[in-house]
Each structure stands twice: as C-alpha cells, then as structure tokens.
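In: Structure here, sequence nowhere to be found:
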C-alpha cells in the first residue's frame, strides 16, 4: 500500500515530462447553470492546480495526456476528467446535497431510491411549503398514497387524525410513530394535553414548524417499519429538517399574510321565519299562540348567530433561516413566528420556534452533530362541541349553540349581568353563543424542546459506529375560566381550572453499520444496534367553583369559594430494543433486506415483556436485465415483495397491572365507618402487543427516461391479538379487561403517478395518488357485536364492532319516508309508546325478537331496537390527491385537489336542527319543505314530530367530497433584476387554501370528527370547529 | 490492527453499557398508584384489604348494581322463591323467581353471582397478600381468619344457590374455570371456616371492630354447613360450641332482637352492617329494608316517607301465625294509623326491620342484615338432634321451646299460646320446626334454603301461591346465562334449565 503512491507520482511525472498541454474550461453549477467561482482544479495525485475565476473559467498548463483533472468545490461533489487530446474541459458540478434527491431516508439509515425494497412515500419540502400548512401533519394531507389525513378540527393548531393503510387497532392507538431527525417523539395528543381546557384539543405536532422541514418519508409496509418493532404497525413518519450545506451560505426570509373565512354557513331560519315556525308549532300542538311570535314581520331578520360568532380572521407567518458552513462545519439556523386567529371569536394560535442544526467533522474519522428545536405555543380555544358543566349538565358549545339559539333573541341585553342575553327562551337551556365564546378563557400554553445529538465514528472505512441521544420535553399549562354571568357558569357561579402536564421522553441509540462490496457484485450493508427510550410525565389539575369576582378567575384559583380536590398524576414507560438489518444486493439486480427488532416494553405484562418483530423483502431491478433493456421506453422497472411482523403497544402504561384503590366501604355496628382497598382492575400478566403481519407487493416504474413514473402497491395487514376491552367472566371479580383478543384486517392498493407532461420553457407536471383500503374486523370475543356507547345526543349502539364489518359501522333504523295519513300512521308498525300522526317519520319493520329474546328475522309489527341494521360506514371507499404544477418564465402555478369518496357521516346536529320540535332553531330546508297536509312529501317530517332522538339513516349522510385544497400562484423575479440588491431569490406568491369543497354533506364540512382521533367514535359530527378558507399572500427572499 | 481492536472494543462497551444501565426500564413502578403486587406493606394495608370484603357485602358503587351481596337480592330472591313473599315490584326477573318461572337469563340471579364472586376475589386478594405483611402473627392469622370466614360464607351461599360452582382461590386464577363438584366446594368451605374458627377472636370491643367476624360466627356457620350436608352430629357439636361460649342468648322479647341498639348484641352471631355512620360515608351504604318492605300507604302516617312495598308477605304466611304470636305483630304490618286519625288496612308487609323508636321516620335504615342469629343456632341444634336420634330428645325440645317461650312473651307478659312442644314423632317434630323457622326468620333470607333442605318446595309453595308449581329442578337456581356465554366451561347447566 505504501508503495503505490510514490510509484504513481513517478509515473505522472514521467508523463508530464513527456507531453504537457494547457487545458481551459468553464465550471458551472448543475443546480442553476451559474458559473462557480473559486473551484479548485488540480491534477490528480499532484500538487499542480489552479482555481476558477468569477466567470467560472480556469486555465491550467502542464497537463499531461492521460492525466486526470479533479474539480472540487465546497458543497459540491468532486468531478474528475481524464485528459487525452482535448484542451477544453467544461465541467458541471453537482451539489453534494443533490444526491439526496435520489436517496430515501429509512429507519436508521438511508437507501438509494432505486435500491428500496419496501414501500415508502417521500414528500419534499417544495410540496410541503407550497400550501403554507400550519402543522406538518396537515401538510401530508392528500400527498401520499395510503395515507389518510383528516383534519378533525378547524381550530387553529387543531388535531388531525392520520391513518396509514387503515385502522389496525380498536382500543389501542392508531396514529403513526413520528421520528424527527432520529428522535422518536411523543405524538399522542392525550399525553401532551393538560386536560384543563374545553373543546377541541391542540395538535401535539403543531409545535413543529413546518417551514423547517426538508422532507418527510412515510414508511408503510412491514419491511420499512419492522425496524420500529412494537411501534411500527400504524406506519412511521420520518421527518428530516433542513441542514446546512458546505460552501454555500444562504439567508432566506419567508413571510405571508392571509385572511380566513369560515368556508360555509348553514342556512337556518331567520327571526321572522322562526316566529312563523313557532306559530305553526302552537297550532299543531293545540297550544295557545305565543305572544312573543304573534307578529312575525315585526321581528324581522333577527340575529344571525353564526354570523355573530364567526369572523374574518388574519393569519401571518415569518421565518428567517440561515444555512451554510465550511467543509468541516455546516449549520442551519432558523427562527419562526406564526400567528393565526381563528374564524370563531376569541380563538387563536401563536407559535414561536427556533431551530439549530449543526454538523461538525471533528476528524477524518469522527463526526458529530445536533438538531435542536425549541417552540412555544400560546393558543386560545373555543368550546365548540358540547361539554358537561362542573355540575354535570350537558351544554352545547359555541358552534352548536349558534345553530340552536333562537334568532329572535338579541346578542346583547343590558339588563342582564354581563350585558348579554343570558340563555335561550325555548327551555333548551343553552347559553348565549357569543358570550360563551368571548367571555370564556380557554388558554393553552405549550413549551416544547426536541433535541438530539449524534456522533459517528468510523472504525475502519465502511464500519461506522453511531451514537444518537435525544430528548423531547414538553410543558403544557391550560387555564380556563367561565364567569358567573354565563349560562355555563351559572350552576357553579363561575368556575376556573388550571392544569399542567410536563413530560420528557429520552432516547439513546447505539448502532454499528458496515457496508462492503465483495467481488464487485455482492454488496452488503449491515446494521446492528440497541436503543433505549423512556418517558415520564406529571400532571396537576386544580379546579375551583364559585367566583363572585369575575376579574380574577384562573389567575388566582384561591378566589374560588368552593375549591374542588386537586388532582395529580404521573406516568412512565420504557422500551429497550435490539435491532439488526442486512441489505444484500447481487449484481445490482436482486436486492434482499432482512430486518429484526426485539422490543421490550414496560407496558406489557410481566410474562410478555419482549417481542420479536422480523421482516424480509426482496426486490428485482428488471431494468438491469437484458430482456428489459431491449425496451427503450422502460427507464426503470422494479418489483418488490415484503412480509413482516410489526406491533402496536399504544396502550396506557400499567394496563397489565391491577391497581388497588379505595372502593368498598361500610360500617360496623352503626358507628365505625371503614373504607376498603381492593383491586380495581383485572391483573393481566400476559398482556402483550398487537401483532400485525403485513404483506406487500409493489412495482416501481419509470418510462421515457424518467418522464413518467408510477408506483403501485397492494397489501394486506392482518392484525391479531387486538388489545381489546373485553367482557370477562365475573368469576374473575371483574366484568371486563383489556385482553389480547380479536383480529382485524386491512387490505388495499395504492397508486402514485408522476408525469412531466411538458418539459420546455412552459412546464407542466402532474402528481396523482390514489388509495383504496378495506378494513374488516375478522374476530371478536366469541364473535359478539360490541356496541359503541352513546355520545352527545346520539343514543347508545349507534355504532358497533361486528365481525365482517369495518370499524366505524353505523347501526340504526331504516327510515321509510313519511306517514301520509293518521290512519296509515296508527296502523303501521311504529315506535313503542309513540302515537304517530300524519307527517311523522316512518321506519321499516324488518325484524323482531321471540320470547327468548332471539332475533327472528321477521317483522313483528313494532319498530324497536331489533329493527336496527347497518346504515353506513365512516371509512371511505377510496381517497385521492391530484396536483398539477405549471411554470413559465418564473411564474409557477400549482393546483392541488383532494378527494374522499364513499364514506358516511352521522350528522348528529339533525336530531336538533332537523327536528321541528320548537326547542331550537332549525335548518331552513327542513322547515320550508316540512310535511303539511297541503304540502305532503316523503322526506321532511312535520312540525311537532312525535319522536325524539331516534337514530336512523335520516341522520346519516354521504361524506364524500372533492376539495380544491390549494391553489398557489407565484412569481420569481428574474435574477438580473435582483442581482444588484445582492438578492439571490425573490418570489411573490398568492395561495388559496380550502378554496372550494364539492360535497352533498349538510354540515359545515365533511372532514370532521367530533371526537378527534378516536376511532371508535369516528365519523360523527356535532359542533366541530369549522374549516376555514384562507387567502394568503407571501414573499420568499433569499440572499 | 491493534488500534482497530481497541476502537471496536470501546464501541461495544458503549453498546453494552446501556443494557446494564437501563435494566429496570421495563419494570413498572408508578408512585401515584398502588398495585396488587406492592400493596401489602403494613397492618393497615391488611385491614383495608379485609374491609374491602365486608365492603362488598352491604353496598357497592360499582357494577352491576349499587347493592352488595346481602343488600336485597339475596334475601328477596330466597323469600320470593318460597311461600314467604310476593313480588309487587314490576321487574320481570323478580316476578319470575316469585312464580318459579325463572330461566338462565335472569338479572337478579346474575347480580348475586357477580357480587358474590367479587367478594370471593377481594377475599383472595387479602388471603394472598396478608402473609407478606410483617406484623404480629396472631393478629395476622385473625385477619386471615376474617377473610376465610367471609370467603367460606360466600361460597356456602353460592353452592346452595347454584350447586357446584368454580372454586376461584387466587387472583390470577383461570379466567374461564370449570365447575367444581359440590363436594369439592364444601371441602373448601369447611377448610376456610375451620381456619376462621381457630384464629378469629371471641369478640371485638364496641367501636373497635364489633361487627367483624368472630370465632362464634365461624362455628355457627359451620353448624349450618354440616346441617346442610346432613352431618348431624357435627352440626350438634358446632351448635354446642357456640352455645357453650355463653356469649350468645335470646332477648326476652322478640322485638328486642330487631332494635338497632341491640345489633351485634347477644343474639347476633353474624350480621352484615348497614348505615352511613352519621353520613360520614356514602348514603347508599344505608339499608334498604324499610324502603323496600314498608307499604306505600305509610305516607298517611309519616308524610313524605320513602316506602315502596316492593315485596310483601304472602297471606298464607300471615294466616299461619297464631294471632297472639308475638312474632306476627313484630314482623308484619297490616294496619296503618294515619295522622288524620283514620286507619288504613294493607296486605301484610314486613316491618320487623323498622325500629320505630330509633328511626321513627323509616326510610333509609341503619339496620344490619341478621345473617346468623342465635335463634337459628338453637333451631339448627333441634333439627340435627331430631335427625340424629330419629326423633326429638329432651335437648331438642329444650332448644325449640326456648324459641316458643319467647314468642309467647308480648312485651310485658307471657300469653297462653304456643305451648311448649312435647311428645312429637320424628316427622311431627320436623314439621313443627319448619313452621317455627318460618315464623322466626321472615325476611332474613332463610325460607328457600329451608324448603330446599326439608324438600318441601313442591308441597308448600302451591299452598301459599295457588297455581305456582315448583319442580324438583328448582332446588337449584340456574347458572346465569351471561356468565355461561363468557365462559362455556361452566356447562352443563343445572338440570331442568
């Protein structure tokens, strides 16, 4: 080895002596075609060299024939040119990061996209920043096949629910695992929520500034996720933030300003119409006319309560980033401020974020780096759904009560305490929606630090040892106050809550990586490692009632005259893992990946602490085969097949342990009271992870030199050992427990297409993704249906878990039009204890029960629970996203359309605003078209219906929608204009979000869930925070 | 190369260091909660665990009902499934029991099963954990004795209701156990009660344990176990053990036995405590006897009273008393003196639990449930002696005549009724005993057990309830269908169901 260098030098010197010539040329950047200044040009293995000038030109004399010129430049990949006879050598240098485009980030490493054997979707920063998303999960929406992102609340910073390839669990978590720059972060909104505020919770991921994100990878199949073992079954989202690149410092400033409007208002009755409705009600029910409504014309339009609580709300964002570095140190620093006011009064979201990413080469063998982000969120929320007051009554929130509240009442009433109309006058006991929104404090302050450090040590070339250590700490404080002059604070005479939760997750990982190619054809890349992660959080909840002085509120809980017992709690879990991966490539044609992870989780029973999660995959690069090479239109073609076992351990810690607590009490001899301590839960030392076996077959293809690309996947995920709350024989002393029982299956296919339709000066690119997922419960405890408890106004059993059906199956009566005559009503099957009349809703009698209570399958002349049947599904048939991007001379336009097809929604509002029972305002559609003898119809019941809260398909609506999610038009100023100002980039853009939604759904928006990420209570709409349409204008400047 | 070895070694040391450093990462040890595995530390923990068993006997805030094992279903069902009570509460489950049309799907039967097993599991919790506590050995055994007494008692009621039931003796036992045989269950009951008899104290000071299980309770219950098994001599021995302690006796006046101040007095061998200790604990720990049993018409005498009359005595029961039997007037209410001076006649309602002096307003009561009274010890002894000797001997007459003597006492004087029994044949004495028990124990949950033991269900029930025809299979209740659905290992169902 030591001999070689002098020999070569000697050889070169000889050549130089023989035939020397002068070589000239120009060096440009591949990225923008601009000349590069100061590029080092030297003859390989010699010290002879020069550098390029301002035009990128160089001239080097004394270059021997057969010598190699090496061009190197910080931040760019080296390039070598063999000099034979030529005297001109122009070189285009590739940015070193550019290689990243062809690399995919995977679990504990990277892989060339062409060598990928699993199913991974990548989303670039360009895509991410185009829509100015508030949080990263919203940015994923509609962008990747197999990933369904539902923004369940329109609240600024509100929750989203993400399903990667369907729901794979019933009682355990279904949200994916998030890995931010190698740190496995806490994404469970339950854990990051202090629980003090009412209404929609904050999205735990909203503390991550999407402007800092370089790219996102979504790992979908078992081959890709099995390295995350017991946390892989819901898929994994890998987030990579922007890092500095050597040599090219850049400063960029991005800002935008926008306004938002609620995207839809429901058409309710105005004051005059409401008075007419009341009079019609009095007439039908035989009551005397109500003096308040006698002259409807006098009332006029009345109050539009929706208008009163909604507003045009501004939003703005500022982000300053500096990226750069030298050969040894690269850095990326950024600071961001984002402020969004909500479209409902008194709601907002403010985020302050700072990020610093540093990479440092300590020596030729040793490299260290850090990724540190700090953020602070301050947000005001508004109660939108319904909430029980401190004393237990259910009071609708602002959006709900804005629909329900009589339009005949004014917002303000100076005669009342607080100056607002206190409550409705229909006996429904709802508070003034405007006062509720404006006068309630509902504040969340959330500080979060996510940081990790790594060190990579090269033991010998190809053998790297990496240590990664990180923390994810958060501290949340909720403050809530309801003054005593609000309906909500009436029974308690004012109530205040202060709640905190703070937690820390820590992670250490040790990995050893070895890559080597034997005999040119056998490439190995092996990884082994172990990791440790722990989590601990503590919470405090303090609550006080009876605040005579409304000025103090939560600022001083001690002012409450009726303090409630404070609560505290804590939570810990830990995971120990051992992992390994082997990638083997034969002849660059056949690829094999084997992975395995052993996870030990504290959450599981002592008999089942450890689980093993293996996976294997193979891929075949067909385009490397001669028979394909003959087909010039195929550029690349690869097939993939993978199978693996992954787990889900997202259950509450201590679930396997039997807590002991005070429960039973009594008295001896009338005087001596006692309290016992007893097991409160069934101990289950066998409790373990849910097991998902996933098979995936995929094809990646590119045609016409990469101009058209397609990725196709079919998969089946079979989840067994479901962590399911299951009834227990009571000989255990308990009626139910979390057991590993039951199974379910997700099957689906995914298609992603990319096409560069036009590539000239006017370019047009289309991205389409399409996914179908079928969820099916395949086994439950003894095959029995599990009814879902009632919520809000919806009666129990409205949804059920049934073998053969997906999670989120709606179960209720089938409506059958309207009774057209009193005789028909009395002589037809009707609800028990109901005296139906003409104009009441009719239901289908399909079933009955025999004396033993067994369903007979025959009509029994009565409408009751036996007649319920499946009337809808919350899961869609398919989802898709379509992006068209155009650019021409600095002008760029992109249009992003998103679609969800074939799902149903339980519109729980209809129990109230679709029922003309005169307690609340109603939808104009239902009043105007109501059944009357003069206007008989078969769809809209009469005024004063004889039924209440009967759940049927009349409340189930089609939730399909097509949404123009984003349209962005941008203009980048030509360089020559801005060069003088030393500006490298100047782009102006305008962006429209949620521009238009095409749907038949009657509610505010089909993309809602009153119960956030809950998947048992999915597809139900009541009082969500409506989605806003936003109009944004922004500037991006680079220096 | 040596350098590389060192580098690799250093990396592996780092790799392994973590493993040892984080060894206890997987152990769950939360500080804000206590768990079965780490609960038992001090004597107080042991006592609290024992209290949880008592806590399930009276009332409970958890599923399936707020009633505990002996809150009502136990004595209501055994009263209805006999010639003692009629149901006036419109609840199908109870109607079925009262008319012997009950089936495996019956909420009341399932409730008793569930609550009894909850108590068994709480006892298992205590029995499994108390040995870990570092405390005085005698005290420890006394506490274990309480747990085993209560477990034995619950299994004794379970086996009499349902026949062979699964013996669950540890917290982490089989989730879907099979039924044990009746004999196996009795072996366990006897073992538990014998341990209790050996280790429980004679008594407890008032206000400091009075009301807990004593060795007298264990011995008395053993007597009943042996009686039920037909082990006559053992029953007599156990009765004598209780009698010879001289700690128990009869009040002169039958009414005194149901006065609240006399609870845990000389006549109580074991009772289940009810009451709220002056509202220091939850209101539902109060007894429901008066609310459930007193007639609605009582509102005429006590305006606003909560009296529901959900179950009443059969007319046949009322008529079977001698009119001057003290027990009839103490036990049954037929006439209400209204505040307006009028009187209202009602069908016979059970009023023995109403202490008019201490709880003049009726409603929720502090009255305990008399699980085992000394009167029962005397009558059991008489019954066993009659069986043992194929006829009554002097000792047997003596025992039963003590009861009759008291029934003659009207509060001030002995009336010339209910003469002492004498000169009876085996069968005559046996019949007389069954009638004596009927009059003595109304509403105390005895009648169905007694009719089963005397094999008189089919004969006597139709007399009191014309048209109601019990069948031989009614000597057991059916296993709850809901439980069988969850645990098919319980099959086969009791015959007839």
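Out: Done, it's in. What you see is a predicted model, and the numbers here were worked out from it, not measured in a lab.
In: CA only for contacts and neighbour counts going forward, please
Out: Will do.
In: so what's residue 462 up against?
Out: Picked chain A for this. Applying Cα atoms under 8 Å, 6 or more residues apart in numbering or on different chains to residue A:462 gives the contacts A:513, A:514, A:515, A:516.
In: ah, I was thinking of chain B
Out: With Cα under 8 Å, 6+ apart, residue B:462 has these contacts: B:83, B:468, B:469, B:470.
In: List the buried residues for stretch A:743-757?
Out: Buried residues in stretch A:743-757, counted by 16 or more other Cα atoms under 10 Å in any protein chain shown: A:743-756.
In: Please compute how far that stretch lies from its chain's middle.
Out: For stretch A:743-757, the separation from the chain centroid amounts to 18 Å (computed by Cα atoms, centre = their mean, to the nearest Å).
In: cool, and stretch A:329-338?
Out: Taking Cα atoms, centre = their mean, one finds stretch A:329-338 lying 24 Å from the centre of the chain it belongs to.
In: Show me what from the stretch 351-497 of chain B comes close to chain A.
Out: Within the stretch 351-497 of chain B, the positions adjacent to chain A are B:366, B:483, B:486, B:487 by Cα under 8 Å from any Cα of the partner chain.
In: From the residues you listed, which shows the smallest pLDDT?
Out: Ranked by pLDDT, these bottom out at residue B:486 (87).
In: do you know how far the closest residue to it other than its chain neighbours is from residue B:170?
Out: Nearest residue to residue B:486 in three dimensions, chain neighbours excluded: residue A:729, at 5.4 Å (Cα to Cα, 6 or more residues apart in numbering or on different chains). Look at residue A:729 and residue B:170: by Cα to Cα, to the nearest Å, they are 15 Å apart.
In: between the two, which one's more packed in?
Out: Neighbour count, other Cα atoms under 10 Å in any protein chain shown: between residue A:729 and residue B:170, residue A:729 has more, with 21 against 17.
In: so what's that one up against?
Out: By Cα under 8 Å, 6+ apart, the neighbours of residue A:729 are A:735, A:736, B:175, B:176, B:483, B:486, B:487.
In: Tell me the one of these nearest residue A:633?
Out: Residue A:633 has its nearest neighbour among the contacts of residue A:729 in residue A:736, at 61.1 Å by Cα to Cα.
In: mind listing what that closest one touches?
Out: Taking Cα under 8 Å, 6+ apart as the test, what residue A:736 contacts is A:682, A:725, A:726, A:727, A:728, A:729.
In: ok, back up a step: include secondary structure and distance to residue B:434 when you put the residues of the stretch 351-497 of chain B next to chain A into TSV, please.
Out: Compiled in TSV, these are given as follows (DSSP: H, G, I helix; E, B strand; the rest coil; distance: Cα to Cα, whole Å):
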residue	secondary structure	distance to residue B:434
B:366	coil	30
B:483	helix	34
B:486	helix	39
B:487	coil	38
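In: quick revisit: dump the contacts of residue A:729 to TSV, plus distance to residue A:905.
Out: Putting these into TSV (distance: Cα to Cα, whole Å) gives the following:
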residue	distance to residue A:905
A:735	32
A:736	30
B:175	39
B:176	39
B:483	36
B:486	33
B:487	37
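In: Scan those and report the most crowded one.
Out: Highest neighbour count within the contacts of residue A:729, by other Cα under 10 Å: residue B:483, with 23 neighbours.
In: thought it was touching residue A:730?
Out: Yes: using Cα atoms under 8 Å, residue B:483 is in contact with residue A:730, at 7.0 Å.
In: Start and end of stretch A:735-746, how far apart?
Out: Stretch A:735-746 has an end-to-end distance of 30 Å (Cα to Cα).
In: any idea of the mean pLDDT for that stretch?
Out: Here the average pLDDT along stretch A:735-746 is 89.
In: repeat for stretch B:400-417
Out: Mean pLDDT, computed over stretch B:400-417, is 95.
In: can you check stretch B:343-353 too?
Out: Throughout stretch B:343-353, pLDDT has a mean value of 96.
In: what's the helix or strand harbouring residue A:962 packed up against?
Out: Using DSSP states H and E, residue A:962 falls within strand A:961-972. Packed against strand A:961-972 by the contact rule (3 or more Cα pairs under 8 Å, 6 or more residues apart in numbering or on different chains; DSSP states H and E) you find strand A:891-901, strand A:985-999.
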